[in-house]
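*Asks:* predicted structure and sequence below. I'll ask about it afterward.
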Amino acid sequence: MPGTLIIGAQWGDEAKGKITDMLASKADIVARYQGGDNAGHTVVVGGQTWKFHLIPSGILYPRVLCVLGNGMVINPKRLWEELDSLSARGVDISPSRLKISRQAHLIMPYHLALDGASEAALGQAKIGTTKRGIGPAYMDKMSRQGLRAWDMLRPDFRQRVIRAVEQKNIWLERVYAEPTLDPQAVADEYAGYAERMRPYIADISPLLYDAYVAGKELLYEGGQGTLLDIDLGSYPYVTSSSASAGGAAAGLGIGPRCIDRIIGVAKSYQTRVGSGPFPTELLDEIGDHMVDRGAEFGTTTGRRRRCGWLDLATLRYSARVNGLTEIALTKLDVLSGLNRLRTCNAYQVGGETWTDWPADGEALEGCAPVYEELPGWEEDLAVSAWEELPAETRAYIAHIEQRVGVPVKLISVGPDRDQTIYR
Ligand code: GDP
Ligand code: IMO
Ligand code: MG
């Protein structure tokens with residue numbers, strides 16, 4: 001099926017990068033549709049590690065065309081850092097390999113300053129953002145004041161930047177008492193980026209549509225995860241974009257009918273970075289086991305990820321709101337060595353039992369998980385076939401399928417591209 005969407009089914013870092021890279025071996029195009037360099041997607045090939053923030057996780061295959069969609073917010077400085085480091089490692093980064101939507105929004109230095117200032121002003125109530133300027137850039141997009149890649153093609157781009165910096169300096173100075181930015185210096189810096197970006201900027205909508213109609217294989221790679229989605233996540237502890245399936249069509253300029261298959265990538269346990277409620281969080285030695293064995297430190301910010309038992313109520317919610325056709329279950333090897341496993345299938349709230357996940361930070365605060373217990377396994381899962389997995393591991397997967405109602409088609413038992421089991 002030509003159009004495959006890969007989506008984070010939890011709070012991000014589910015190993016979307018690994019799954020995208022694996023499936024990209026048969027793809028023609030890999031496209032990101034939302035978010036920006038708040039994402040950190042890891043790919044491990046033959047012991048070599050690659051971390052992608054803006055570039056789609058298909059760039060390692062020379063035949064794959066990578067696309068940055070109109071739903072994204074792009075920091076040109078970070079784009080070039082990433083492209084230059086890829087180039088230094090021998091990856092072809094010529095414009096024939098990468099197209100950037102002309103409608104994608106630009107992250108400007110004032111977005112970074114405003115992200116930091118807003119978090120500082122929130123104090124204890126801060127979101128715990130990646131401080132990449134994501135929220136402020138989407139604020140400008142929604143209030144129709146953003147600068148887009150398209151503006152880089154226009155002769156008055158410098159003036160547009162100067163005007164925007166002057167306006168934002170008022171905010172920085174009067175609202176947040178922060179230092180202002182030099183409009184000329186920002187304009188000079190961005191004029192340089194515009195020069196380099198020009199050959200990459202394109203109208204991606206017809207490009208994707210024509211490829212789809214011609215029967216090419218397209219992968220749409222989500223950033224973040226469903227529970228961080230601006231509409232569907234644990235608001236306000238979310239990111240500022242549409243990270244769930246609904247965002248893919250709008251963020252790429254394609255119709256939903258160009259999406260044939262929707263893979264929800266889910267970790268075998270639950271993690272989240274930053275603030276916000278997390279009913280199944282483990283603040284004990286089992287949580288430490290997950291952090292240690294799963295190397296649960298953020299790819300973008302290096303922060304320790306919070307860990308807990310797999311929450312099947314969230315996964316069922318994810319299956320519904322995304323229309324998942326299958327699940328890619330990752331990091332199953334991390335659970336090895338735990339003799340009892342728990343999964344949450346519902347919440348106890350006051351005297352009531354909720355089986356559905358409430359998409360609200362405050363409502364979640366009062367949710368106590370209702371657990372089911374399953375036997376664990378000792379084996380390290382260094383296997384390549386379903387039949388070779390321990391019976392307890394297969395029973396854990398069957399339990400997930402039964403509770404969520406979606407088949408688990410891909411099983412990841414290690415970070416490397418090859419440490420994967422297909423069913
Ligand atoms: P993404 O943001 O969804 O692409 O995920 P990240 O790359 O931020 O985090 C996933 C981490 O888990 C990365 O360090 C991967 O290399 C690693 N990883 C991926 N799959 C597996 C797996 O099956 N087992 C283990 N132990 N690590 C994995
Ligand atoms: P990938 O694509 C995990 C979290 C931040 C914070 C919240 C808002 O690697 O899965 P933002 O900077 O977006 O305004 O931060 O969202 N967050 C992520 N958590 N994985 C990510 O991306 C994330 N991107 C943002 O930690 O809680
Ligand atoms: Mg990540």
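*Replies:* Happy to help now that I have it. Ligands and ions are numbered 1, 2, ... in the order given.
*Asks:* ligand 1 contacts on this structure?
*Replies:* 8, 12-18, 40-42, 44, 294-295, 299, 330-331, 333-334, 412-415 (CB under 6 Å from any ligand atom). Heads up, the C-betas are built off the backbone N, CA and C, glycines and all.
*Asks:* of those, buried ones?
*Replies:* 8, 12-18, 40-42, 44, 294, 299, 330-331, 333-334, 412-415 (16 or more other CB atoms under 10 Å).
*Asks:* which SS class is D210?
*Replies:* Here D210 is recorded as helix under DSSP: H, G, I helix; E, B strand; the rest coil.
*Asks:* residue contacts, it?
*Replies:* Neighbouring residues of D210 by CB atoms under 8 Å, 6 or more residues apart in numbering: there are none.
*Asks:* which ones among the residues of the chain next to ligand 1 also lie next to ligand 2?
*Replies:* Among the residues of the chain next to ligand 1, proximity to ligand 2 is found for 8, 12-13, 40-41, 299 (CB under 6 Å from any ligand atom).
*Asks:* and the residues you listed, which is closest to C367?
*Replies:* Set against C367, the nearest of those by CB to CB is G12 (20.0 Å).
*Asks:* wait, isn't the closest one in contact with L228?
*Replies:* Yes: when contacts are counted by CB atoms under 8 Å, G12 is listed as touching L228 (5.6 Å).
*Asks:* need the residues touching each of the two.
*Replies:* In contact with both G12 and L228: A243, using CB under 8 Å, 6+ apart.
*Asks:* closest to P183 among the ones next to ligand 2 among the residues of the chain next to ligand 1?
*Replies:* Nearest member of those to P183, counting by CB to CB, is G40, at 31.3 Å.
*Asks:* report how many residues lie close to V406.
*Replies:* If you count neighbours by other CB atoms under 10 Å, V406 ends up with 24.
*Asks:* got the phi and psi for it?
*Replies:* phi -130, psi 140 (degrees, to the nearest 10).
*Asks:* give the contact list for it.
*Replies:* 264, 319, 324-327.
*Asks:* L312 too?
*Replies:* Contacts for L312 (CB under 8 Å, 6+ apart) come out as 343-345, 400, 403-404.
*Asks:* how near is it to ligand 3?
*Replies:* Remark: distance between L312 and ligand 3 (CB to the ion, to the nearest Å) = 22 Å.
*Asks:* let me see the domain layout of the chain.
*Replies:* 3-102+200-263, 105-197, 266-422 (automatic domain parsing).
*Asks:* start to end distance for the longest one?
*Replies:* Looking back up the chat, that one is domain 3-102+200-263. From its first residue to its last, domain 3-102+200-263 covers 11 Å (CA to CA, to the nearest Å).
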